[in-house]
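>>> Provide a 3D model corresponding to the input given below.
(chains A and B)
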Amino acid sequence: MNVAMQQLADPMDIRPFRIEKIRKELADTFTMELVPEGGGSFAFKPGQFNMLYTFGAGEVPISISGDPADPSKLVHTIRRVGAITQAIGNLSEGMAVGVRGPFGTPWPVEEAFGSDLVILAGGLGLAPLRPAIYMALANRHRFGKVVLLYGSRSPAEILFPKELEKWRGRFDTKVRVTVDRAEPGWGGHVGVVTKLVTGAGFDPMHTVAFVCGPEIMMRYGIQALEQAGIDSSSIYVSMERNMKCGIGLCGHCQWGAPFVCKDGPVFRFDEVADAFKVREL
Amino acid sequence: MVQVDNLGRILEEHPFAEGLEPALKELMIGCAANERFEAGQFLFREGGDAKKFYLVRSGVVAVEVHAPGRQALTVETVDDGGVLGWSWLVAPHKWTFDARAQTLVRALSFDTTCLMRKMDSDPILGYQVLKRFVPVMAHRLHAARMQMFDLYGPGKKG
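Sure thing, here's the model as predicted:
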């Protein structure tokens, strides 16, 4: 078994991956395709994350944004927001990054079989949801309605626009996109993402919802889903905290009782709803 | 008469009319007109007298802000089943934004001078109309606040 196959044999081991491809997504956001040095594959579940390491800068938790059905490459979509993501963003194709993972709980895609599926994403929150979307569409016949609701600040900041168009082109999937503001030329919706929930056409009694985006967007998104009749036990959220060790030892990502790195990042909303209400947590 | 019947049917299909008693619908229909706007056509412009509101039947209306030296900025779109325009309720009854058809738009418009007169003389109608406008205004206020938060801004630095 090669190194890349020994996933989590020692969760603190950093494995080298080669950057095979870098694609600019937005002004401050890029996607990297990584392959294990020395070959092999990388299995993961949708919603999981890796700790990405670059020499001299450190480690940062980044969700996996690729297709779980294709373990030959590891895909991460990263926004340059701090020193480490800037340093990773300055790397070129052919260079190496260190990877620890995959860590965390996945989106419960299989558990949602038989239900309508609503995916509510905001901004870069579409990236951690993309593996779940791939998996849901690969198993499309196992769901009732599949609805993807996506909000972005402006048309120029829509993540994965070609894929959104492709998914919207399917006859079996409803994709609704909105932006907060737009200049002439944009022919789509303008308004907050919560507005898309109304009229999305799912059966709230038999719907599972996955929500990911900035926390404030998730808070209001969940309110809208609950107002539409979806029970909080059928809503799942992906949380972002300051993950460091990735295995629940260091306590950096403790969020009330749970550790986001090992008990999350994907949580069933009714189990963490109280923590959502605690200010400064 | 036939035209009034048609307008009644159109109003009936709009979510605004849900739960509205037939007699009140009839009162409203007396102030209504069926309108059609081609893509690019303005429904109203900022600063104009707000003497109408619209129940959008189909199509998309962009609510826009203009600033000198800049392109128009769309701050909201209103589409099928939406309610457009509440400046008629608030003095000085001037439109505060532009509204432009982004696609072909079909809408029921209401002459608010006519409607306000009926609302003043029939408080039940007045209450029912306002009851339907308050949530529209509350949602717009809520949405505006959320847009101010910059919901999609970058998260933690890392």
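
>>> can you give me the strands for the stretch 101-250 of chain A?
A:116-122, A:146-152, A:174-179, A:189-190, A:207-212, A:235-238 (DSSP state E, counting those that start in this stretch).

>>> With mean pLDDT and distance to chain B added, can I get those in CSV?
Quick note: C-beta positions are derived from backbone N, CA and C, even for glycine. Formatted as CSV, the strands of the stretch 101-250 of chain A follow (pLDDT from 0 to 100; distance: least, CB to the nearest CB, whole Å):
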stretch, mean pLDDT, distance to chain B
strand A:116-122, 97, 5
strand A:146-152, 96, 6
strand A:174-179, 95, 8
strand A:189-190, 92, 4
strand A:207-212, 97, 11
strand A:235-238, 96, 12
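
>>> what would those strands look like in TSV with distance to residue B:88?
Compiled in TSV, the strands of the stretch 101-250 of chain A are given as follows (distance: least, CB to CB, whole Å):
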stretch	distance to residue B:88
strand A:116-122	34
strand A:146-152	30
strand A:174-179	27
strand A:189-190	22
strand A:207-212	37
strand A:235-238	39
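
>>> could those go into TSV alongside mean neighbour count?
Output for the strands of the stretch 101-250 of chain A, formatted as TSV (neighbours: other CB atoms under 10 Å in any protein chain shown):
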stretch	mean neighbour count
strand A:116-122	27
strand A:146-152	25
strand A:174-179	20
strand A:189-190	24
strand A:207-212	27
strand A:235-238	25
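
>>> closest one to residue B:29 among those strands?
strand A:189-190 (29.8 Å; CB to CB).

>>> Against which helices or strands is that closest one packed?
On a contact count with 3 or more CB pairs under 8 Å, 6 or more residues apart in numbering or on different chains; DSSP states H and E, strand A:189-190 meets strand A:174-179, strand B:73-78.

>>> Which positions in chain B make contact with chain A?
B:60, B:62-63, B:71-77, B:79, B:81, B:102-103, B:139, B:143, B:146-147, B:149-158 (CB under 8 Å from any CB of the partner chain).

>>> returning to that earlier point: closest to residue A:71 out of the helices and strands packed on strand A:189-190?
strand A:174-179 (26.5 Å).

>>> How many residues are close by residue A:53?
Under the neighbour criterion other CB atoms under 10 Å in any protein chain shown, residue A:53 is assigned a count of 21.

>>> Actually, residue A:46.
Using other CB under 10 Å: residue A:46 sits among 26 other residues.

>>> Now do residue A:34 against chain B, distance only.
Applying CB to the nearest CB, to the nearest Å, the value for residue A:34 to chain B is 18 Å.

>>> Show me what that residue bridges to in the sheet.
With DSSP bridges as the criterion, residue A:34 is bridged to residue A:19, residue A:74.

>>> Now do the contacts for it.
The contact partners of residue A:34, by CB atoms under 8 Å, 6 or more residues apart in numbering or on different chains, come to A:17, A:18, A:19, A:20, A:73, A:74, A:75, A:76, A:97, A:99.

>>> ok, the second one to residue A:76 distance?
So that's residue A:18. 13 Å (CB to CB, to the nearest Å).

>>> neighbour-wise, which of these two wins?
residue A:76 (22 against 15).

>>> OK, contacts around that one?
A:31, A:32, A:34, A:50, A:52, A:62, A:63, A:64, A:65, A:66.

>>> The first one: how many residues sit nearby?
Applying the criterion other CB under 10 Å, we find 19 residues in the vicinity of residue A:31.

>>> from what I can see it touches residue A:73, true?
No: using CB atoms under 8 Å, residue A:31 and residue A:73 do not qualify as a contacting pair, with a distance of 11.0 Å.

>>> roughly how far apart are the closest residue to residue A:142 other than its chain neighbours and residue A:173?
Nearest residue to residue A:142 in three dimensions, chain neighbours excluded: residue A:113, at 4.2 Å (CB to CB, 6 or more residues apart in numbering or on different chains). In this view, residue A:113 and residue A:173 are 16 Å apart by CB to CB.

>>> Compare these two and say which is more crowded by neighbours.
residue A:173 (20 against 15).

>>> Pull up the gap between the more buried one and residue A:230, please.
18 Å.

>>> Kindly report the same for residue A:34.
For residue A:34 relative to residue A:230 (CB to CB), the value is 36 Å.

>>> Kindly report the same for residue A:185.
35 Å.

>>> Please apply the same query to residue B:114.
42 Å.

>>> Tell me which residue of chain A is furthest from the middle?
residue A:184 (30.2 Å; CA atoms, centre = their mean).

>>> The helix or strand encompassing residue B:138: how far from the chain's middle?
Using DSSP states H and E, the element containing residue B:138 is helix B:123-149. When C-alpha coordinates are averaged (CA atoms, centre = their mean, to the nearest Å), helix B:123-149 and its chain have centres 11 Å apart.

>>> would you put the C-alpha positions of stretch A:268-281 in PDB?
Taking only C-alpha atoms (Å, rounded to 0.1, in the frame of the first residue of the first chain), the coordinates of stretch A:268-281 have been written out as PDB:
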ATOM      1  CA  ARG A 268     -27.400  18.200  12.100                       C
ATOM      2  CA  PHE A 269     -28.900  21.600  12.800                       C
ATOM      3  CA  ASP A 270     -31.200  20.600  15.700                       C
ATOM      4  CA  GLU A 271     -28.100  19.300  17.500                       C
ATOM      5  CA  VAL A 272     -26.300  22.600  17.300                       C
ATOM      6  CA  ALA A 273     -29.100  25.000  17.200                       C
ATOM      7  CA  ASP A 274     -28.500  26.300  20.700                       C
ATOM      8  CA  ALA A 275     -24.800  27.000  19.900                       C
ATOM      9  CA  PHE A 276     -26.000  29.100  16.900                       C
ATOM     10  CA  LYS A 277     -27.800  31.400  19.300                       C
ATOM     11  CA  VAL A 278     -24.800  32.000  21.600                       C
ATOM     12  CA  ARG A 279     -23.100  35.300  20.800                       C
ATOM     13  CA  GLU A 280     -19.300  35.400  20.400                       C
ATOM     14  CA  LEU A 281     -19.100  31.600  20.300                       C
END
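
>>> The residue of the stretch 101-250 of chain A found nearest chain B: how many residues sit nearby?
Residue of the stretch 101-250 of chain A nearest chain B, by CB to the nearest CB: residue A:123 (3.1 Å). Per other CB under 10 Å, the neighbour tally for residue A:123 reads 27.
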